[in-house]
Structures are given as structure tokens and as C-alpha cells.
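Participant: Okay, here's the prediction I keep looking at, along with the sequence it came from:
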Amino acid sequence: MTPEQHPENQTMHAVVATSAGGPEVLRHDTVDVPSPGPHDVLVRVAAAGVNFIDTYRRSGVYSIDYPSILGSEGSGVVEAVGSEVSDVAVGDHVAWSDAPSSYAELVVVPAARTLRVPGDVDLQVAAALPLQGMTAHYLATSTYPLGPGDTALVHAGAGGVGLLLTQLATARGARVLTTVSTEEKAALSRAAGASEAISYREMSDLTTELPARVRELTDGAGVHVVYDSVGKDTFDASLASLRRRGMLVLFGGSSGQVPPVDLQRLNSGGSLFVTRPTLGDHVATREELLLRSGELFDAVQAGTLDVRIEHTYPLAEAAEAHRALEGRRTTGKVLLVP
């Protein structure tokens, strides 16, 4: 990297969490431009993804040091490369799912974690795909590999992961039931391929009424798998919606974290399985990272995967983006645009 590529003493705008707390702790501030190491690239951010993991880090559910620039996902154009980087060049369009401090105008990304964005894929679409797209991919292909004859229940069916997971699941021949909060979200979910979109707003007791509805839709058997990103509010209903030897995949906690569980409930429920996967363990190698992202970009290019970007906010309005996400006022992907 030459001085011309990265002049010293430059500053940029970024969103900093000043302490653990609500969206009010986020500050749009001026900070120093980071310097890439030998194996890194410096990227000018086109768009940064807003995800529930960002809210967990902001609120203190996941421990980080404060003050800290939030964000881990995005896309952009490479502005400088480290001395040991040979397979990424200045001017390349790249995306990423796990580079800290992505709520910024410029971010350092390890070259080995970059995803090459095909030339005909819009950078905002590329920013919306890595974290939620690869999450949906591993859920449908690895955690519980879906196929014809399987029925899945997907919570938050109109959310970013929910819409992508529904499309991937139906493409593999599975039947998908979803939960949603409004008729607008139900329509989006059905358009993505869900055979039924169940409104939980009409239920006075989710724990009993949702499983009853699911069994009604599955001839009394229950579903093979539940994909649950909501957590505390839905966990009991999810368990009760499974058929014998079914699997509950808990991959988030938008309503709060699930308390400790008596494992005897799995026995009495029908030899059930519960797992708590995370994306990092499914893209731990460069080979797997490129396989998952490559299949997703191929599907976007082929027109078989629709990436819905419903909400974009200026970088300075990150706090409002967090409020909308946590208030379940969003559908599809939420992006910050510097």
C-alpha cells in the first residue's frame, strides 16, 4: 500500500456505540480512517447491512469493548490493498459478512473474507446478501438439509432471513409454513413461496394456538423442522409444533434469549432435537465461504433468488434503523448507506 493509496491523517464518518444500551447510545461521529494490514484490504463502503447481531452488541447481550464502531456486513469498492494481498485488486467490487466496524465510510476487511461481487450484481443487493443469505443457505442445506416431503416452519417469514430461507427451501422441494405479524407481511411471505403464512397477532396464547394451527395444517403430525430466530417468545410454541424426531433450529433471539431448558422436554416431546448454530461455523474455511456465497450470487444472477431491500437509511440515521428493526417494523433487508 502506497501513501497515495491511503494518505495519513484522514478522517471519515462512522457510527459508534458509546456504551451498552438502547439505540440512543449510537453516535454518528468523525474517526480516523483505518489502515489495512498486510493481508487486508481497505474498502469504501457502498452499503452496510443492519442485523440483529448489531443490536445484541449495542445492547450488551454480546460483549464488546466500548466505544466501538458497529456493523459487520457490507459491500463496496476496494481502495487499497495490503502488501501480501495478491487476489484482490484496487477497484474490485467486494462484499463481506464478518468485518468489524462496517458502519462506516471506509472499513478494513481481511482479504480472505472478501466475496467477489459479480459485475452485474448491484452493490446494495450484494450488501444485503452475505450474512442473511449465507445464514439461510446453511440452515436449508446443512443444519437440516431440506428436500421433497419435508415441511418447515419459519418464524418471521417476512424478515430478511425468512424471505431468503423460504425461497431456498421451496427450491429444494420443501413445503414452508411461516409466522408473520401483519397481512402485508403475509403477502410478502406467500410471494416468496410459503404455502401458509400464519398471523400470530390474532393469537391470545401463542404457546398453544400456534402448535394447534401447525398440526391442523400437517394432518396432526407437526413439522419436520422449525427455524426460529425469535427466541424467548416462540421457543415453547416451536417445540410443540414439531413432529416426532423433529428438529428445532434456534438461530437468533429477537424477542430475547431463551432461558435454560430441561432436556427431558425433548424426550417427552417425541425424541426431539434442538440446535443453536451460528454462521461463523458454517463459513470457517475459504472454500465453504465461497461455496455458499457463490451459490447465492448464481441464484441472484439467474433470477431464482429475490433479495428484497425494503429499508435504506443514511449512515447518520443508524439509531432509527435499529429502532425499526427491533420494533419489527421492517421487512426484507435493512441497509445503511454512507
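Facilitator: Arrived safely.
Participant: quick one: the strands in the stretch 151-300 of the chain?
Facilitator: Using DSSP state E, counting those that start in this stretch, the strands found in the stretch 151-300 of the chain span residues 151-154, 175-180, 196-199, 223-228, 242-250, 273-275.
Participant: what's around G149, how many residues?
Facilitator: For G149, the tally of surrounding residues (other Cβ atoms under 10 Å) stands at 9. Every residue, glycine included, has its C-beta placed from N, CA and C.
Participant: again with G147
Facilitator: Other residues close to G147 by other Cβ under 10 Å number 12.
Participant: Likewise for A95?
Facilitator: Close neighbours of A95, defined as other Cβ under 10 Å, add up to 31.
Participant: Okay, and it sits in which element?
Facilitator: Element membership for A95 (DSSP states H and E) is strand 93-96.
Participant: Could you name the helices and strands sitting against that strand?
Facilitator: strand 40-50, strand 74-81, strand 115-116, helix 123-128 (3 or more Cβ pairs under 8 Å, 6 or more residues apart in numbering; DSSP states H and E).
Participant: If you count contacts, what does the top helix by length along the chain end up packed against?
Facilitator: In the chain, with assignment by DSSP state H, the single longest helix is helix 286-302. In terms of contacts (3+ Cβ pairs under 8 Å, 6+ apart), helix 286-302 is packed against strand 115-116, helix 130-138.
Participant: With A99 as the reference, name the closest of those.
Facilitator: Proximity to A99 (Cβ to Cβ) singles out helix 130-138 among the helices and strands packed on helix 286-302, at 9.9 Å.
Participant: Give the rounded mean pLDDT of that closest one.
Facilitator: Average pLDDT, helix 130-138: 97.
Participant: Restricting to C-alpha, output that helix in PDB.
Facilitator: What follows is helix 130-138, C-alpha atoms only, in PDB (Å, rounded to 0.1, in the frame of the first residue of the first chain):
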ATOM      1  CA  PRO A 130     -23.800 -12.200   2.800                       C
ATOM      2  CA  LEU A 131     -25.000 -12.600   6.400                       C
ATOM      3  CA  GLN A 132     -28.700 -13.300   6.000                       C
ATOM      4  CA  GLY A 133     -28.200 -15.100   2.700                       C
ATOM      5  CA  MET A 134     -25.500 -17.400   3.900                       C
ATOM      6  CA  THR A 135     -27.400 -18.000   7.100                       C
ATOM      7  CA  ALA A 136     -30.400 -19.100   5.100                       C
ATOM      8  CA  HIS A 137     -28.200 -21.200   2.900                       C
ATOM      9  CA  TYR A 138     -26.600 -23.200   5.800                       C
END
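Participant: how about it: buried residues?
Facilitator: Buried positions in helix 130-138, judged by neighbour count with 16 or more other Cβ atoms under 10 Å: 130-138.
Participant: Now do the contacts for L177.
Facilitator: L177 makes contact with 151-154, 194-198, 214, 217, 223, according to Cβ atoms under 8 Å, 6 or more residues apart in numbering.
Participant: Columns neighbour count and distance to D120 on top of the residues you listed, output as JSON lines?
Facilitator: JSON lines is the format used below for these (neighbours: other Cβ atoms under 10 Å; distance: Cβ to Cβ, whole Å):
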{"residue": "T151", "neighbour count": "21", "distance to D120": "35"}
{"residue": "A152", "neighbour count": "27", "distance to D120": "31"}
{"residue": "L153", "neighbour count": "30", "distance to D120": "35"}
{"residue": "V154", "neighbour count": "32", "distance to D120": "29"}
{"residue": "A194", "neighbour count": "27", "distance to D120": "29"}
{"residue": "S195", "neighbour count": "15", "distance to D120": "32"}
{"residue": "E196", "neighbour count": "19", "distance to D120": "35"}
{"residue": "A197", "neighbour count": "24", "distance to D120": "32"}
{"residue": "I198", "neighbour count": "21", "distance to D120": "37"}
{"residue": "V214", "neighbour count": "26", "distance to D120": "40"}
{"residue": "L217", "neighbour count": "19", "distance to D120": "39"}
{"residue": "V223", "neighbour count": "27", "distance to D120": "37"}
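Participant: Quickly name whichever of these is closest to S142.
Facilitator: Checking these against S142 with Cβ to Cβ, the nearest one is A152 at 14.1 Å.
Participant: end to end, how far does stretch 305-319 reach?
Facilitator: 30 Å (Cα to Cα, to the nearest Å).
Participant: pLDDT (mean, whole number) over that stretch?
Facilitator: 96.
Participant: Could you report the distance from G147 to Y227?
Facilitator: Distance, G147 to Y227, using Cβ to Cβ, to the nearest Å: 15 Å.
Participant: Apart from its chain neighbours, what residue comes closest to the spatially most central residue of the chain?
Facilitator: Closest residue to the average C-alpha location of the chain: Q132 at 2.9 Å, with Cα atoms, centre = their mean. Spatially, and ignoring its direct neighbours in sequence, Q132 is nearest to G160 (4.2 Å; Cβ to Cβ, 6 or more residues apart in numbering).
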